[in-house]
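# 3D model of this:
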Amino acid sequence: MTDSSEERIGDVDFGSDGREEIKVKDQHKKIMSSIVTVGESALSRRFVDMRKEVEMSQMQLEKSVKLVEEIMRELKGLKEDVVPDKEQLLPATSSDHLLSVGQTVYAMSSTSLLSPWQQATLLSVQPDQCLVQFPSLPQSVLLPLTQIAYSFPTVTALPVGSRCIALYKEDSEGGFYPGLVGEMANSSNSGRYLVFYDDGYASYVSPGDLMQVCKASKKVWQDVDQGNRDFIKMFVTEYPVKKMVKLVVGDKIMTELYGDWILAEVTEVDESLAEITFEAQEACEWIYRGSKRFQPIYKLLQMKTSALNVFKPSNGHIVQQTVPVLQSKPYQLHECSPSCLAQHPYQPSQHKTTSPLTIPLHLGWRREVTTHWDPEVQGNWTVFYISPCGRRLRNIKEVHSLLNLCNSNLTVDLFVFDCWVHVLDVFQATQDLLDMPDISHGAERMPIPACNPYSCSPPPYMEYSTAADPQPGVQANADTGFLLGCGCTDDCQDKTSCSCWQLTIQATSCDREGWVNTQAGYRYRRLPDVVLTGIYECNQTCACRTTCLNRVVQLPLRARLQVFKTEAKGWGVRSLVDLPQGAFVCTYVGRLYGSEQEAGFEDAYFADLDLIEVVERRKEGYESDVSDIEEFREEDLVIDDASVDNNNRDTTEMKPQFISTRQLFGPDQEIFIMDAMTQGNIGRYFNHSCNPNTFVQNVFVSRHDLRFPTLAFFTMKYVPAGTELCWDYSYKVGALPGKQIDCHCGEENCRKRLL
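Below is the predicted model:
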């Protein structure tokens, strides 16, 4: 019994271990089954989702195919429907609109492209022209499609260069004027088209105010008015490269107005347009930033025209000067000081014969001309100067600030930021039979060679002089006690605090308009325009340095000039290097006489010192026969009819005749004459031109006597190397009966006669 009990106990123990093993196996099977079930379920759902995605993609593809098929059927139907006949024609244009009889269009009703187009009705349609009827005209008019436009805005976008008419309004009145699309409507210009009108005006126009012209010539500029044709041709042929001036509000820029260059202010900028305000003229207008009315653009175009058409001298060629390549330093952050320029100090005595604009290049400076990749200003060129210390300078103001900071004796007029000025260009004559190195014989710091390609004959003998020579009886007031000097220490940069600048500025109020020109005078030693009332430079009583911005004419000759024998005008003067606008060239000196009678009758080289008369003639009330201040008589009174009161009492206002300022210097005062016939300087060789490139400026330096200004020549525009320097003699044809002098300047606007 005991054994059986033991046996049962043993069986029980063995059975318990087996059941545990069986349970583990069962659980393993259940787990594996669950995993398989879950996996199958997940895969099943994934397959279902993928199947649905495939089905949806297939449905979308089928819809797309159906849509494409529908579009193709519609296009095929449209193609079959378009059957031109005698009364219906699809013009040769990018527009898909049709012209049909009875349709209202806009058409050119005047012979001038500058007039607004009027609405008209189509009477017949032909391949290249249409018969239209204007309501205001009794007869119908046959016009080419280039002079007809649709009467509704275009649905498709018009590309740049499309011929169009656009609405222009002024003072609540407006009309549709012909023009050209200069800029497509996009997000940057607020969805507007830029339109160049045929009259030269530019404006942004909303798409609803613009209609497409039915047909345009292949060379679209041929459809434009003659006055704006050259600009449109240049714009279209150079597109997408656009040359524009980068402007911001507050900028001052020389702008053309009624044929004169005026310093105007930018008061607003709208993408490619700028609002320009002419303060003195009390006018403002919107101008395209690529217009040649802006002086930088004008000069750029002038440079290109000169290079392509004009400046191909048959008697010479252009060569490049060589300058030493000095090791430049990479820029490192630092505060500039005199040590920045100390490695290459400027010693004027070593550069007497060096071209002025290359002097900085000899002293470790670099001049770089770069172009922008910015789409807004692509095609513009910018000049940078890199100083010996590596600092990059962007404009003349920054150069002047650095020179001041470094206490340098370099003057600011040795730098030029006009990209069209090639500072290394030098003109060389092809043939010279004279070989005369210096007509001044050392009197000028810069030698002046003479060139004669026709013979070995030199210029007529002249006693060379660098200053006027007063003849007996001519007494100019040279007392320094009558000079006004300044105490400036900033190179006279602040015009409001410099007493010499103020003399120039305040004198402008004596001109005809009577207003004070606060911008009159030099701008960083260059003169942008003539100052009729004269310029007062700093003088020997001033405290400013020789680098002063108001010291120009008093300096020795710097320009590289050459006297040369012309083909038909005798001897002339040309520049051997490029000269920027406003550059000082030289003075005009000779023997100074008290009157024409004293000077004699050989007046070929006379110059009148008539600043007083020039200004007074522009003033209201001037009379040519002025009375002497000491000979005031009762008959010189002018009776004012309005001076009789209601009681018939004579309250006559006594008004003396106009008295010339010259008479205040004493009785019998006449205009002084500068005669350079036998004594003078290079200024005597300047020829006349009806289209001059220099002008004469009256300047006061060592004396402030209005009767004795210094006559100085300045460039009125960019002058390429090898160009003859000329000024307008301003003779009046027929002024001297029996005397006639023909003009041989050869300009398009030549007056043919000098006298």
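# only C-alpha atoms for contact and neighbour calcs from this point on.
OK.
# for the nearest residue to N477 once chain neighbours are set aside, the count of nearby residues, please.
Nearest residue to N477 in three dimensions, chain neighbours excluded: D705, at 6.3 Å (Cα to Cα, 6 or more residues apart in numbering). Neighbour count for D705, taken as other Cα atoms under 10 Å: 15.
# wait, isn't D705 in contact with A476?
Yes: with contact defined as Cα atoms under 8 Å, D705 reaches A476; the gap is 7.1 Å.
# all helices for the stretch 551-700 of the chain, in order.
596-599, 611-617 (DSSP state H, counting those that start in this stretch).
# so which bits of the first one are buried?
This points to helix 596-599. Buried positions in helix 596-599, judged by neighbour count with 16 or more other Cα atoms under 10 Å: 596, 599.
# any idea which helix or strand comes after the lowest-mean-pLDDT helix or strand in the chain?
In the chain, no helix or strand scores lower on mean pLDDT, DSSP states H and E than strand 88-89, which sits at a mean of 34. Using DSSP states H and E, the next helix or strand after strand 88-89 towards the C-terminus is strand 99-100.
# paired strands for that next one, with orientation please.
Applying DSSP bridges to the sheet, strand 99-100 is found paired with strand 88-89 (antiparallel).
# so who does E55 touch?
For E55, no contacting residues are found, by Cα atoms under 8 Å, 6 or more residues apart in numbering.
# that one and E62: what is the separation?
Distance, E55 to E62, by Cα to Cα, to the nearest Å: 10 Å.
# count of neighbours near K66?
If you count neighbours by other Cα under 10 Å, K66 ends up with 12.
# next, it: secondary structure please.
Here K66 is recorded as helix under DSSP: H, G, I helix; E, B strand; the rest coil.
# now do the strands in the stretch 101-250 of the chain.
Using DSSP state E, counting those that start in this stretch, the strands of the stretch 101-250 of the chain run over 104-107, 118-125, 129-133, 141-144, 148-150, 163-170, 173-183, 193-197, 202-205, 210-212.
# out of the ones you listed, flag the one nearest Q554.
Nearest of those to Q554, taken as Cα to Cα: strand 202-205 at 45.0 Å.
# is N395 in contact with R367, as I believe?
No: in terms of Cα under 8 Å, N395 does not count as a neighbour of R367; the distance is 11.7 Å.
# these two: which is more packed in?
Under the criterion of other Cα under 10 Å, the comparison of N395 against R367 puts R367 first, with 19 against 16.
# quick check on that one: phi, psi?
R367 has phi and psi values of phi -120, psi 120 when expressed as degrees, to the nearest 10.
# tell me how far it lies from F384.
Taking Cα to Cα as the criterion, R367 is separated from F384 by 6 Å.
# could you do G179 as well?
From G179 to F384 the distance is 38 Å (Cα to Cα).
# which one of these two is surrounded by more residues?
G179 (30 against 20).
# and M446, what does it touch?
Per Cα under 8 Å, 6+ apart, neighbours of M446: 352-353, 557-560.
# now it: which helix or strand?
M446 is part of no helix or strand when elements are defined by DSSP H and E.
# any idea how far it is from P437?
11 Å.
# what do you get for W365?
From W365 to P437 the distance is 30 Å (Cα to Cα).
# higher neighbour count, those two?
W365 (23 against 13).
# so who does the more buried one touch?
Counting by Cα under 8 Å, 6+ apart, W365 has contacts 385-388.
# can you check I505 too?
Here I505 is in contact with 516-521 (criterion: Cα under 8 Å, 6+ apart).
# nearest to K246, of the residues you listed?
Nearest member of the contacts of I505 to K246, counting by Cα to Cα, is Q519, at 22.1 Å.
# what is the burial count for the closest one?
12.
# P556 too?
15.
# now swap in H351 and tell me
15.
# for S188, same thing?
By the criterion of other Cα under 10 Å, S188 has 8 neighbours.
# show me the contacts for it.
E271.
# how close does it sit to I276?
21 Å.
# equivalent analysis for Q321, please.
40 Å.
# who has more neighbours out of those two?
Remark: of Q321 and I276, I276 carries more neighbours, 24 against 12, as counted by other Cα under 10 Å.
# quick one, what contacts the more buried one?
So, once contact is read as Cα under 8 Å, 6+ apart, I276 ends up touching 264-268, 284-287.
# part of a helix, is it?
No: secondary structure of I276 (three-state DSSP): strand, not part of a helix.
# check the residue lying closest to S457 once chain neighbours are set aside and give its pLDDT.
Distances taken as Cα to Cα, 6+ apart put L434 closest to S457, at 6.7 Å, once the chain neighbours are dropped. pLDDT, L434: 91.
# please apply the same query to R229.
Taking R229 on its own, its pLDDT is 88.
# I'd like the numbering to begin with 847 instead of 1 from here.
Will do, 847 is the new start, and the previous item becomes R1075.
# how close does the residue nearest to it when sequence neighbours are not counted get to V1229?
Distances taken as Cα to Cα, 6+ apart place W1067 nearest to R1075, at 5.6 Å, with adjacent residues excluded. As judged by Cα to Cα, W1067 and V1229 stand 32 Å apart.
# do G1096 as well
22 Å.
# between the two, who's got more neighbours?
Between G1096 and V1229, counted using other Cα under 10 Å, V1229 has the larger neighbour count: 17 against 12.
# show me what contacts the residue nearest to A995 when sequence neighbours are not counted?
Nearest residue to A995, sequence neighbours excluded (Cα to Cα, 6+ apart): V1059, at 3.9 Å. Contact criterion Cα under 8 Å, 6+ apart gives 991-996, 1009-1011 as the residues in contact with V1059.
# same check on Y996?
950-952, 1057-1060.
# do Q1127 as well
So Q1127 contacts nothing (Cα under 8 Å, 6+ apart).
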